[in-house]
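K.L.:
Take this sequence and fold it.
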Amino acid sequence: MPIHDISLPISESLVVWPKDPPVHITQPFHLERGDNATVSRLDMSAHTGTHVDAPAHFIQGGASVDTLDLNVLVGPALVVEALEADTLSADLLAKLPIPPGTERVLFHTRNSDLWGRGEVDVAQLHIRREFARDFVAISEDGARWLVARGVRLVGVDYLSVGPFGQTRPTHQALLSAGIICLEGLNLSGIIPGLYHLVCLPLKIAGIEGAPARAILIG
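P.N.:
Presented below is the predicted three-dimensional model:
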């Protein structure tokens, strides 16, 4: 079955959340300099590119990323289009084709255009640095709608599930209910429908989030 990589390539030109440290990649050892091996060093936020938020990100005493249930991070996932939306509110979510019992939902919005139309050139591993503050996000009442319907994982195609300047209410509503937040997806070219999601964040002990490689199969 086809495999769709919905992760962003990490490079020094990757757009990051305002005030987060930019990606910095150095190679203290390199074969071309006569070293025994090439070794790269990465300096970046745990919330760089495609990444997972654990409850500890906004919930004091919440679970860390290394303790997240892999049974939630891997399994059937519904990709839903909301290309005309400015906000994923409860009213809008109620109109989308999200069947009862859906446990994993990934929202394809106009955000993916930021990755798919010139801001990401996968061949060149290039992403324009400009941060889009008007990205489509989930409102607090939208988050509570998802909680009430038993969703266990929510994926979005920009760097936060919550709106810029108001990220806390959405995060708290989702994370306090144990919902895993998968952020920074690139859903360009993904046809709406049911897929098998594999999302594996780095297993870093005791922290609130981690970069992840996320793929859809189907």
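
K.L.:
mind listing what's buried in stretch 178-187?
P.N.:
Residues 179-187 are the ones in stretch 178-187 that count as buried (16 or more other Cβ atoms under 10 Å). In this view, the C-beta of every residue, glycine as well, is placed from N, C-alpha and C.

K.L.:
As CSV, the residues you listed with secondary structure would be great.
P.N.:
Formatted as CSV, the buried residues of stretch 178-187 follow (DSSP: H, G, I helix; E, B strand; the rest coil):
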residue, secondary structure
179, coil
180, strand
181, strand
182, strand
183, strand
184, coil
185, coil
186, coil
187, coil
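
K.L.:
Let's verify residue 144: helix, strand, or coil?
P.N.:
With three-state DSSP as the basis, residue 144 sits in helix.

K.L.:
Make 601 the starting number, not 1.
P.N.:
Shifting the count to begin at 601 puts that one at residue 744.

K.L.:
Distance of the residue nearest the centre of the chain relative to residue 777?
P.N.:
A centroid search over the chain (Cα atoms, centre = their mean) returns residue 783, at 1.6 Å, as the residue closest to the centre. Residue 783 sits 17 Å away from residue 777, going by Cβ to Cβ, to the nearest Å.

K.L.:
Which residue of the protein lies farthest from its centroid?
P.N.:
Outermost in the chain, Cα atoms, centre = their mean: residue 634 at 38.7 Å.
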